[in-house]
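1. Predicted structure and sequence below. I'll ask about it afterward.
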Amino acid sequence: MQKVLLENELYERLLSEDWSILIEFLYYNRKDIAKDDRLSYIASLVETEFFRKLKDYGHDRDDILIVAESFYQLHGGKFYKLKDENFEAVKLELLSRNPTQYSHFAKRDFEQTVELSVEESPLKNFEENVLPANWINIYNRLFEIMDVREDAETYFSGPRFINLVRKYDRYHPDYYQYIRQREQQNLSTKRKVFFEDILAGLSSLDRKKVIDNILGIIRPYDGQRVNQIEILLYGKRISVEESEGQKMKVVVFISYSWDSEEHKGWVLTLANKLTADGFEVKIDRYSMRLGTSAPYTMEQGIEHADKVLVIFTPGYKKKADNRKGGVGYEYSIMNVKLYDNQTVNSRIIPVLRSGSKQESIPTFMQQFIHVDMRDDAKFESNYNDLKHDLMTL
């Protein structure tokens, strides 16, 4: 990264709205901003122009989140003080673009959050192409969540990965050029090997953009492991409040039958209410996409859930008894787990939505205490009972 930005280049970068290069330049020179009048002027100019145009940028601009985070780091590290109104604007921008990571902005005053030291900052290696000390750990975790072949939404083939890289490094070889080049150099063409080589060869800023983009794509499907990678990658300091909140987040898988549009709507309402109350809900309406393996999604949903809600109706019992469709497949998986541990079952929770117990619940599961949610007039009280059961791990 260059130490000097010529005046004509400065204005060219501003006109072309090349904020990533400008903010990288400022971060590289961060220690000199306060004592160098020209650097102070450049920082002020970049701040003014960026925040003047900020409201016009859509959320499809990946670089805007990076620049907003960078201004936050410069301000938090006391290298450069944002104007008060821009400080408020950057909080709102980060919250709107990444509500999961910056939800604390909505809970408490931003000034009271722990300021990150330079060592903890995700920008600490901008000036050098340096990999984090825990890079192997990070990369192995990253590749694991990119390599789920049964899930078309999260699986990264070689061409898909390289096309993403080329968004930030437009002169990078395309997939076929790159593979041919590696073959000529007698280098491995295994995805896990060359993905790492590509990431390691990028500048720190471009590497961050690529990884953040990947994590953003996978987050809706595997938020827990994405958060773990971000903590490792960025050295995010977690407050006691946040840490306890993460520990209490219960993953709930919902198994139900598509009896009618009304019934599907009721189940979706229940899922949304649980999500609003802090549970991580796994349901086909959230996670199933074209090209996704339905059996794999069901298996993974049940396997990784802390709790499994089974919404029983006469239609569910009929499909379960006949091992028909998705319901039959899910019920078979749950039966195996219940047979393995018949004396104690705190994980699979039967919910009776319609019909009698005999009409709606398969014989084997009738032995377990169920939550009766047939009467909509008593929904709130029954929901509170259900929520209590879900929180008991």
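-> Yep, that arrived.
2. which element is the spatially closest residue to Leu14 that is not a sequence neighbour on?
-> Closest residue to Leu14 in three dimensions, ignoring its sequence neighbours and counting by Cβ to Cβ, 6 or more residues apart in numbering: Glu49, at 5.5 Å. Yep, even glycine has a C-beta here, placed from its N, CA and C like the rest. Using DSSP states H and E, Glu49 falls within helix 37-53.
3. and that helix, which residues are buried?
-> Leu39, Ile42, Ala43, Val46, Glu47, Glu49, Phe50, Phe51 (16 or more other Cβ atoms under 10 Å).
4. And the residues you listed, which is closest to Phe79?
-> Ala43 (8.8 Å; Cβ to Cβ).
5. my read: Trp266 touches Arg353, true?
-> Yes - in terms of Cβ atoms under 8 Å, Trp266 counts as a neighbour of Arg353; the distance is 7.2 Å.
6. Tell me which of these two has more neighbours.
-> Using other Cβ atoms under 10 Å as the criterion, Trp266 and Arg353 rank with Arg353 on top: 23 against 19.
7. where does the more buried one land on pLDDT?
-> Model confidence at Arg353, given as pLDDT, is 94.
8. ditto for Tyr175
-> Model confidence at Tyr175 (pLDDT) stands at 91.
9. What distance do you get for it to Leu215?
-> Using Cβ to Cβ, to the nearest Å, Tyr175 is found at 22 Å from Leu215.
10. tell me the mean pLDDT over the helix holding Glu49?
-> 83.
11. where are the low-confidence patches of the stretch 201-350 of the chain?
-> Residue ranges of the stretch 201-350 of the chain with pLDDT under 70: 235-249, 285-301, 324-346.
12. now with 90?
-> Residue ranges of the stretch 201-350 of the chain with pLDDT under 90: 201-209, 212-213, 216-261, 264-265, 268-269, 271-310, 315-350.
13. ditto for the stretch 51-200 of the chain
-> For the stretch 51-200 of the chain (pLDDT under 90), the answer is 51-138, 148-154, 166-173, 185, 187, 200.
14. I'd like to check which residues are in contact with the closest residue to Asn137 other than its chain neighbours.
-> Distance criterion Cβ to Cβ, 6+ apart; nearest residue to Asn137, sequence neighbours excluded, is Leu232 at 6.3 Å. Each residue near Leu232 by Cβ atoms under 8 Å, 6 or more residues apart in numbering is listed here: Pro132, Asn134, Asn137, Ile138, Arg141.
15. Dump the residues you listed into a markdown table; add secondary structure as well.
-> Output for the contacts of Leu232, formatted as a markdown table (DSSP: H, G, I helix; E, B strand; the rest coil):
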| residue | secondary structure |
| --- | --- |
| Pro132 | coil |
| Asn134 | coil |
| Asn137 | helix |
| Ile138 | helix |
| Arg141 | helix |
